[in-house]
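[1] just to be clear, the model below is a prediction. Sequence and coordinates:
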Amino acid sequence: MSRIRAAIVGGSGYTGGELARLLLFHPEVEITQVASGSRAGQFLHSVHPNLRKLTGIRFCRPEDLMPCDVLFLCLPHGASAGMMEHYRTLAPRVIDLSADFRLRSSTLYQRWYGGEHPATHLLGEAVYGLPELHRAELSEATLVSGTGCMATASILGLAPLYRAGLVNEQMPLVVEAKIGSSAAGAAPGASSHHPDRSGAVRSFQPTGHRHSAELIQELGVLRGQPDGLTQSVAFSATAVELVRGILVTAHVFLNEQIDEKVLWRVYREAYGREPFIRIVKERSGVYRYPEPKILAGSNFCDIGFELDAAQRRVVVMAALDNLMKGAAGNAVQAMNCMFGLDETAGLLFPGLHPV
Amino acid sequence: MSRIRAAIVGGSGYTGGELARLLLFHPEVEITQVASGSRAGQFLHSVHPNLRKLTGIRFCRPEDLMPCDVLFLCLPHGASAGMMEHYRTLAPRVIDLSADFRLRSSTLYQRWYGGEHPATHLLGEAVYGLPELHRAELSEATLVSGTGCMATASILGLAPLYRAGLVNEQMPLVVEAKIGSSAAGAAPGASSHHPDRSGAVRSFQPTGHRHSAELIQELGVLRGQPDGLTQSVAFSATAVELVRGILVTAHVFLNEQIDEKVLWRVYREAYGREPFIRIVKERSGVYRYPEPKILAGSNFCDIGFELDAAQRRVVVMAALDNLMKGAAGNAVQAMNCMFGLDETAGLLFPGLHPV
Amino acid sequence: MSRIRAAIVGGSGYTGGELARLLLFHPEVEITQVASGSRAGQFLHSVHPNLRKLTGIRFCRPEDLMPCDVLFLCLPHGASAGMMEHYRTLAPRVIDLSADFRLRSSTLYQRWYGGEHPATHLLGEAVYGLPELHRAELSEATLVSGTGCMATASILGLAPLYRAGLVNEQMPLVVEAKIGSSAAGAAPGASSHHPDRSGAVRSFQPTGHRHSAELIQELGVLRGQPDGLTQSVAFSATAVELVRGILVTAHVFLNEQIDEKVLWRVYREAYGREPFIRIVKERSGVYRYPEPKILAGSNFCDIGFELDAAQRRVVVMAALDNLMKGAAGNAVQAMNCMFGLDETAGLLFPGLHPV
Amino acid sequence: MSRIRAAIVGGSGYTGGELARLLLFHPEVEITQVASGSRAGQFLHSVHPNLRKLTGIRFCRPEDLMPCDVLFLCLPHGASAGMMEHYRTLAPRVIDLSADFRLRSSTLYQRWYGGEHPATHLLGEAVYGLPELHRAELSEATLVSGTGCMATASILGLAPLYRAGLVNEQMPLVVEAKIGSSAAGAAPGASSHHPDRSGAVRSFQPTGHRHSAELIQELGVLRGQPDGLTQSVAFSATAVELVRGILVTAHVFLNEQIDEKVLWRVYREAYGREPFIRIVKERSGVYRYPEPKILAGSNFCDIGFELDAAQRRVVVMAALDNLMKGAAGNAVQAMNCMFGLDETAGLLFPGLHPV
Amino acid sequence: MAQCPECAADITLESNAMVGEIIYCPDCNAELEILNVEQPEVGLAPQVEEDWGE
Amino acid sequence: MAQCPECAADITLESNAMVGEIIYCPDCNAELEILNVEQPEVGLAPQVEEDWGE
Ligand SMILES: NC(=O)c1ccc[n+]([C@@H]2O[C@H](COP(=O)([O-])OP(=O)(O)OC[C@H]3O[C@@H](n4cnc5c(N)ncnc54)[C@H](OP(=O)(O)O)[C@@H]3O)[C@@H](O)[C@H]2O)c1
Ligand SMILES: NC(=O)c1ccc[n+]([C@@H]2O[C@H](COP(=O)([O-])OP(=O)(O)OC[C@H]3O[C@@H](n4cnc5c(N)ncnc54)[C@H](OP(=O)(O)O)[C@@H]3O)[C@@H](O)[C@H]2O)c1
Ligand SMILES: NC(=O)c1ccc[n+]([C@@H]2O[C@H](COP(=O)([O-])OP(=O)(O)OC[C@H]3O[C@@H](n4cnc5c(N)ncnc54)[C@H](OP(=O)(O)O)[C@@H]3O)[C@@H](O)[C@H]2O)c1
Ligand SMILES: NC(=O)c1ccc[n+]([C@@H]2O[C@H](COP(=O)([O-])OP(=O)(O)OC[C@H]3O[C@@H](n4cnc5c(N)ncnc54)[C@H](OP(=O)(O)O)[C@@H]3O)[C@@H](O)[C@H]2O)c1
Ligand SMILES: [Zn+2]
Ligand SMILES: [Zn+2]
């Protein structure tokens, strides 16, 4: 079989570069083009120095994109929705890593993103590209949305509890995400200036964070609440000293008194056969719970939990690399699903230790 | 007036070293002795290199301690309680930075620390050494307890809301602390080994953290619940890449619909005249909320908040340096209260930027 | 005596902010104005968050500067030279932290900075503001130049060897500086973008670094070579993961076989009475040689050395905080000299450990 | 062909873990055993958390090692030499990552390591396992030594200049290495305690560093000086804030006036066909010279240079990951040479950006 | 004395303050426009939302 | 097949397993003592709580 021809738009950014790295080594894919408005003509390695000596590809201009089998969009929020009709003429399958097609409902979109969605007629077609929850739909999909990096960790961490009906939805769901600097993309600015960003433990948007909407949508689906979870969701994010990586700590309250073995069973049943999810909960050692740093470059989402039986409370921890399982890696996994490939193709790097 | 003669036990550790630094420059204090079991005879700067050329003091053996005006204990949890009678013969005023005398109730102690308290008869005498809440008692106190570093940030951040009766105590209080590596003290081990600790975002004790007990006690007092707050308290802590510093993010739910100006008023009234508390809540710039890194070496606790009116929820953020307002700085402030000195004496360093 | 009235130009930058911090707590100084073109009208703490609650000063426009006793210029290289006549009408004493007046010779300036110096007639008046080498001249000076941060560490580290005539000038002097990100100032850009700058070990200008010129000038003076040291000087700089701090490692070859005690004597004689220089050379412990991190916020320059007797070689290590002894702290020390104050006034902060 | 059966001794350490990671994904290798004295019976992932869910292997006791095709020794210096006869009975090919067999000459060994070598009769058989310099010998070798991590970077960076006879050996060679914390191995201690090690820029052994011996041996071979380079070698190392990675900055002086194109030619000829060496020297962008952080997990050694024509000086920069090209990656590359495999087998991971 | 519309801080106008002038709130750093000098009053100045993270 | 008393993971004993031997749970890394080999059973081995942070 000939290789899948893939192209990338927004290839000079961080998710674009990560996709290029992954697809270069993907056994079934050939990169045909990588577009960049600002770097057209330059070699990929002028922006992504890790790719030096590995490829001679140069960035093309976005307007020079040619038809291909699958097109990855790695543009800022808002940049792809208006152009989506055009992009779909270029490829029968499009994967958009931005937030533009993550929400099914234009109402939910409007509430969290403000303003009308520029292409509401496409919302119904797009699939939320999380293989663990939407594997079957992905095999048929032609328009797939990437997933929010903190949302991915939160949803994967919490899904088993919601699906099992264990959560007391009268009580709030509190989710605290700790996140590295690469999540904000490649454009420099005052908030990413090293002397100020270094060593930061910085709250941004303690309330009203947009990733909440994805939790509300996806956990809602699991609860049979198609208009979104009705439970109170308190999501906050704190930037920490880290380039890649997210750790989400979620506090949920339970309907009933259970013991920890129930949690083990629920998580094992949900994820025992998932190639990219690992349950991490150890009684000894240094790495007892999910730790994002050892996931840099890997597509794993590591998930742990701890029961506070007295308070009928579970603390769930989920870690991933925001550029991998939180963006490009997950997009490749979704692509593998769409094309019926082995889901792990091109995603075998296990992560480093120490690091 | 002659200078206050102060001595330090456990002076080779991190809080002991920080105290030595502060007291060396304190205008009303003279350090008479610094005891260390492991370093006796050596110069202070052999362990605390920042003190080189600033003092010729050498560590003495703990058993060679002589009478003084105030004795600071900087020992691990459990080490001072059993010896407290002895220490009190050495000085009319003792400040114990460990957890041994933080809790008023031996029941609460037993629940959270496990085992009988070794000196229950002293529990009634000890004052929880947080000047912002116990200033009056401190002026009379002879046995003062230091405060837990994460507890201090949490309590100071939340006290105004609890005192004002704004909190819905039917809902849980969720507190997530992010904390640097110096909080674990000076003894090396596998979990502090640099290749493994560096860049970590590591949950430790997601449930059952002992600092919860201090919140329960102190917020309980503010609510007229002398046996401790009855509200469900979900406290978790995550170690992040930082040496000094804590950021606490607390989620509370409110009794009533309020607007943000009410919060401004409540916090201004509580802390407008406090020398070491600053309200940090800005509409622009990079440092909009409390940020621990700029507090390294300073005695400030910076506090911010954000209202989620729709969900009747407040997110409170509080930052401090665990070795300063979270330990040694606060202990000096408490000492200043005990001796009727200007509360800011010896504590004027403002912190650095950038850093 | 009334306080010295000091004003700062370029107060929104890093050295300007550091000066503001130092002068706010200086016992003999009162800050009259802090000028900023971009932030006029805003409070100092909107840019320098550590100063919140400590001062109500607002930035003024540069054109609104009024006469004062001493004016500090914290502008980029090239911005002050052309305006110097104007600044000198505002204050009888001017301290310029930029590189514009560091070199005595317009030839040397042209060789290293390219282009004619814009105010050659002032070069003769300006004093290289390093108190350890130019204390006497400073007491008379009206125009004082700040010193290059890496140059300061290098010169202070090497001066004793050169003055003592120990160095074999037929062999090269090799100086390797490791430096933190704040040395590049407050303006964000691609090279200071956190995901790229974080964890970097990045060579910049491996050859031809301008700080070489200061070494050549100042070490030349010590060798009686007024046109600059004739020895081959190989200076290179590497940016490392650090916000504040410099470590310089210098390799020199010696004229004669000596033993290490000679070095001890030479350094002791040079620096035994210097308040801000410490010799750091220990046989045990973790901090055996100068370490910049414990100097953050302090005005110390720590200096160590090691003899390689077999090769007649000395390795000199010198550490400092680039914003303190490498810029603002040194400028305050120079001001203290100019006004005949205690040289340590306002500069007593000892630095932190751990940090 | 059946897979090569490989076993690892010292598998609980950092280089042992890295080898396990590499060999697990090596297309031609099967790991038969991983020995550890301290962890026998435990799963690999209890120490190397990145390997969770990837292998069910448990550590065996060193005394339970069974015959295999190739044995990797990942023990501290001094631990393997005395046991080497025994290890060679277990496998026809042994690769020892320690320093025990790096030096050909027992005299050189004695000068730099002190004391008699415990197995001098084997020194002649061992091959210095750097494929770029000893590819042919490796194909025949039965005892191969790993290479010092800083030595590897230095030798690879300098070899082209020495081979080309460009270096003025009357002048000193000055090499300054910057290095991360994983180079010191997995055992915790005071110098690796995070609060003290974090942000460090710490000189260790400014003179007399043992890696000098490898430079002297290998560069000597290139100059036809079998007893070692006679030139004065000044090697120093500085620990910086980094877990993995080395940047070496070397200053050499030249015999003749050349222009930079000569250097380009020399380096291209030396390394144009080397799969793991890249010349990095760009005129623009952020990554103009070798940068270790983007090499984490990759087997590349990136090399750059800059000419100071006026002083007939070249500054050479070389970067690598100490656990990869500096240890385990290079050992796998050497193994590939020994078994006649594609040299890049199992070593394709390109490194990450950003990171 | 004017009040900050964002955080209700007391804002003292300087003697030479003019209507239309932009000042900053000392507490919340809001950009404020002076609306009235006699009966001190300030309003929030229109502000572009900067991107400052994620 | 034995069950981990901590996390209920299936634990397969090796053919040469002996009563009293210490093994580890592949899922939760608990230290387990083999209590019975015929009817596979394991119990939690007494473990000293290490200090691993704060
Ligand atoms: N970073 C993450 O961790 C992460 C995780 C999950 C999802 N995402 C999403 O993935 C998308 C890309 O993120 P990123 O981090 O890769 O961003 P990025 O590094 O900022 O890169 C975005 C690229 O898009 C191009 N671009 C910028 N503005 C544009 C515009 N107005 N119109 C068209 N092209 C424009 C730029 O390339 P040229 O100017 O060269 O064309 C730029 O390199 C975003 O929507 C983000 O929300 C990111
Ligand atoms: N680190 C923080 O951020 C922080 C904050 C708030 C409160 N605290 C509390 O302050 C206390 C001291 O903390 P730290 O961080 O300074 O600890 P540390 O760095 O570990 O120092 C404790 C010192 O106590 C001495 N010591 C150790 N074990 C002892 C024992 N069994 N009996 C008597 N002395 C012993 C040791 O000195 P010698 O062996 O030389 O005598 C050691 O240097 C602890 O109770 C801690 O909970 C710490
Ligand atoms: N950073 C260090 O470690 C260090 C050490 C030693 C010496 N120095 C020297 O000290 C000087 C200041 O360094 P810094 O790090 O403070 O720089 P910085 O953070 O970039 O600040 C410089 C300030 O100068 C003002 N400015 C910028 N461009 C200007 C221009 N063209 N004309 C007039 N004003 C301008 C800016 O303020 P407004 O736009 O608000 O007016 C800016 O805040 C430099 O000459 C530097 O070489 C720095
Ligand atoms: N780290 C690097 O960057 C690097 C680079 C190049 C070369 N090397 C060399 O590679 C070797 C291993 O380095 P490493 O960093 O992997 O060290 P490490 O992390 O300290 O691991 C060494 C392992 O050897 C075992 N061991 C320790 N002491 C022993 C002894 N006395 N006898 C037998 N076994 C012992 C230990 O395992 P058990 O106790 O469980 O058996 C330990 O896990 C060293 O010789 C080092 O110089 C290291
Ligand atoms: Zn305001
Ligand atoms: Zn188990």
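    Noted; the coordinates are in hand. Ligands and ions are numbered 1, 2, ... in the order given.

[2] next, residue 15: secondary structure please.
    All of this is about chain A. Here residue A:15 is helix, with the state taken from DSSP: H, G, I helix; E, B strand; the rest coil.

[3] wrong chain, I was asking about chain E
    Following three-state DSSP, residue E:15 is assigned to coil.

[4] how many residues are close by the residue of the stretch 201-350 of chain A found nearest ligand 5?
    Closest approach between the stretch 201-350 of chain A and ligand 5, counting by Cβ to the ion: residue A:206, at 17.9 Å. All C-beta spots, glycine's among them, are computed from the backbone N, C-alpha and C. Residues near residue A:206, counting by other Cβ atoms under 10 Å in any protein chain shown, number 26.

[5] ditto for residue A:256
    Residue A:256, neighbours per other Cβ under 10 Å, totals 9.

[6] tell me the confidence at it?
    Reported pLDDT at residue A:256 in the predicted model: 95.

[7] what does the one 10 residues further on give?
    The per-residue pLDDT reported for residue A:266 equals 98.

[8] still on that earlier bit, tell me which element the residue of the stretch 201-350 of chain A closest to ligand 5 falls in.
    Using DSSP states H and E, residue A:206 sits in no helix or strand.

[9] near chain B at all, the longest strand along chain E?
    Secondary structure of chain E per DSSP state E: the longest strand is strand E:31-36. Yes: residues of strand E:31-36 are located near chain B by Cβ under 8 Å from any Cβ of the partner chain, namely residue E:31.

[10] list the helices and strands that strand packs on?
    strand E:22-24, strand E:41-44 (3 or more Cβ pairs under 8 Å, 6 or more residues apart in numbering or on different chains; DSSP states H and E).

[11] possible to save those as JSON lines with mean neighbour count, distance to ligand 3 and mean pLDDT?
    What follows is these, written out as JSON lines (neighbours: other Cβ atoms under 10 Å in any protein chain shown; distance: least, Cβ to the nearest ligand atom, whole Å; pLDDT from 0 to 100):
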{"stretch": "strand E:22-24", "mean neighbour count": "19", "distance to ligand 3": "15", "mean pLDDT": "95"}
{"stretch": "strand E:41-44", "mean neighbour count": "17", "distance to ligand 3": "24", "mean pLDDT": "96"}
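
[12] which of these sits closest to residue A:2?
    Closest of these to residue A:2 is strand E:41-44, at 60.2 Å (criterion: Cβ to Cβ).

[13] okay, now the sheet partners of that closest one, with direction.
    In the sheet, strand E:41-44 lines up against strand E:31-36 (antiparallel) (DSSP bridges).

[14] now what about the strand it pairs with, what contacts it?
    If you take Cβ atoms under 8 Å, 6 or more residues apart in numbering or on different chains as the criterion, strand E:31-36 is touched by B:283-284, E:2, E:4-5, E:11, E:13, E:17-25, E:41-45, E:47.

[15] which positions within that strand qualify as buried?
    The neighbour-count check on strand E:31-36 (16 or more other Cβ atoms under 10 Å in any protein chain shown) flags E:31-32, E:34 as buried.

[16] and if you look at stretch A:32-44?
    When burial is assessed from 16+ other Cβ under 10 Å, stretch A:32-44 yields the following buried residues: A:32-36, A:39-40, A:44.

[17] cool, and stretch A:262-277?
    For stretch A:262-277, a neighbour-count test (16+ other Cβ under 10 Å) marks A:262-264, A:266-268, A:270-271, A:274-277 as buried.

[18] tabulate those residues (CSV), appending distance to residue D:193 and secondary structure.
    Rendered in CSV, the data for these read as follows (distance: Cβ to Cβ, whole Å; DSSP: H, G, I helix; E, B strand; the rest coil):
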residue, distance to residue D:193, secondary structure
A:262, 40, helix
A:263, 35, helix
A:264, 35, helix
A:266, 39, helix
A:267, 35, helix
A:268, 37, helix
A:270, 39, helix
A:271, 36, helix
A:274, 38, coil
A:275, 38, coil
A:276, 35, coil
A:277, 34, strand
